[in-house]
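Chemist: model this:
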Amino acid sequence: MQLCECKCGQKVSKEENKFIRGHNRKGKTKETDESVERGAEKHSKWMKNGGASFVASFRTEDSFQKQAEKMQGRTKETHVGVRRMAEKHLGNIPWNKELTKETDERLKKVSERMKNGGSTYAASFITEESRIRGGENRRGKNHGMWKGGISFEPYGLDFNNKLKKYIREKFNHTCIICESSAKIPHHIDYNKKNNQEDNFVLLCKKCHAKTNSNREHWKVRFRNSK
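Modeler: The predicted structure follows:
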């Protein structure tokens, strides 16, 4: 499989493709590329001529509820579509990773647009009722990452302060992913009762939250890093 021609180092999903989706315009702006400029002008004209109202007409409470009911309970283990999507995006690097509005013109424009009413427009579709219902649809067994309640299982008795201190010192209080300061011992196999020393890595709070999804990916990565 060939690499994406934007030189990001990632592999394309199909042999006939030259770029990963979205990477063909990576780094291009309407100021530097004619095709991007034409696309931006076309989109702007469409939005001004009723496009925004057309899009908003589909965003109803009923449509949100139907979509939530349709997706409820689907996981990559039980639904082939979700599994394909997870495999497709596994390992992909977001185009805006490590970019900020101070260093990237596109993010700066998005930030300015949100300050000038963009966030208010998006929030206009969210009601108190939808917030409550959305929370209920993503809680407990209804959450897409539900694993049968294993987060409520107790840790083994040997997962004590002495062991935690040893793990932190072993990894020099450094997160194995981002190399920032860390203090959370993480079970590689996600088994709270398997407290063997070689079943731990050390993570910071931010990276520990990442490991709640794509668990198989993290298991392999952590085992290979030891």
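Chemist: Which helix or strand contains residue 202?
Modeler: Using DSSP states H and E, residue 202 falls within strand 200-203.
Chemist: strands paired with that strand, and their directions?
Modeler: According to DSSP bridges, strand 200-203 forms sheet pairs with strand 184-187 (antiparallel).
Chemist: what about residue 185, neighbour count?
Modeler: 21 (other CB atoms under 10 Å). C-beta here means a position set from N, CA and C on the backbone, and glycine is covered the same way.
Chemist: oh, I was asking about residue 176
Modeler: With neighbours defined by other CB under 10 Å, the count for residue 176 comes to 18.
Chemist: Pretty sure it sits in a helix.
Modeler: No: counting by DSSP: H, G, I helix; E, B strand; the rest coil, residue 176 is not found in a helix; it is coil.
Chemist: ok, it - contacts?
Modeler: 182, 201-203, 222, 225 (CB atoms under 8 Å, 6 or more residues apart in numbering).
Chemist: same deal with residue 183?
Modeler: Neighbouring residues of residue 183 by CB under 8 Å, 6+ apart: 168, 173, 202, 204.
Chemist: what about the helices in the protein?
Modeler: Secondary structure of the chain (DSSP state H): helices at 34-46, 52-56, 61-71, 80-89, 105-113, 119-123, 128-137, 161-170, 205-210, 215-225.
Chemist: Adding mean neighbour count, distance to residue 5 and mean pLDDT, write those out as CSV.
Modeler: What follows is the helices of the chain, written out as CSV (neighbours: other CB atoms under 10 Å; distance: least, CB to CB, whole Å; pLDDT from 0 to 100):
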stretch, mean neighbour count, distance to residue 5, mean pLDDT
helix 34-46, 12, 16, 83
helix 52-56, 11, 32, 67
helix 61-71, 12, 34, 74
helix 80-89, 12, 19, 81
helix 105-113, 13, 20, 84
helix 119-123, 11, 34, 64
helix 128-137, 12, 40, 73
helix 161-170, 13, 42, 93
helix 205-210, 14, 29, 91
helix 215-225, 14, 26, 89
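Chemist: With distance to residue 155 as extra columns, can I get those helices in CSV?
Modeler: Converted to CSV, those look like this (distance: least, CB to CB, whole Å):
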stretch, distance to residue 155
helix 34-46, 52
helix 52-56, 48
helix 61-71, 32
helix 80-89, 28
helix 105-113, 41
helix 119-123, 40
helix 128-137, 28
helix 161-170, 10
helix 205-210, 15
helix 215-225, 18
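Chemist: quick one, which of those helices is nearest to residue 186?
Modeler: Each of the helices of the chain has some distance to residue 186 by CB to CB; the shortest is helix 205-210, at 6.0 Å.
Chemist: Just the C-alphas of that closest one, formatted as PDB.
Modeler: Output in PDB follows, covering the C-alpha atoms of helix 205-210 (Å, rounded to 0.1, in the frame of the first residue of the first chain):
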ATOM      1  CA  LYS A 205      -4.600  12.300  33.100                       C
ATOM      2  CA  LYS A 206      -5.200  13.500  29.500                       C
ATOM      3  CA  CYS A 207      -3.600  10.400  27.900                       C
ATOM      4  CA  HIS A 208      -5.300   8.100  30.400                       C
ATOM      5  CA  ALA A 209      -8.700   9.300  29.200                       C
ATOM      6  CA  LYS A 210      -7.700   8.500  25.600                       C
END
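Chemist: Not counting that helix itself, show me its contacts.
Modeler: Under the criterion CB under 8 Å, 6+ apart, residues 175, 177-178, 182, 184, 186, 218 lie in contact with helix 205-210.
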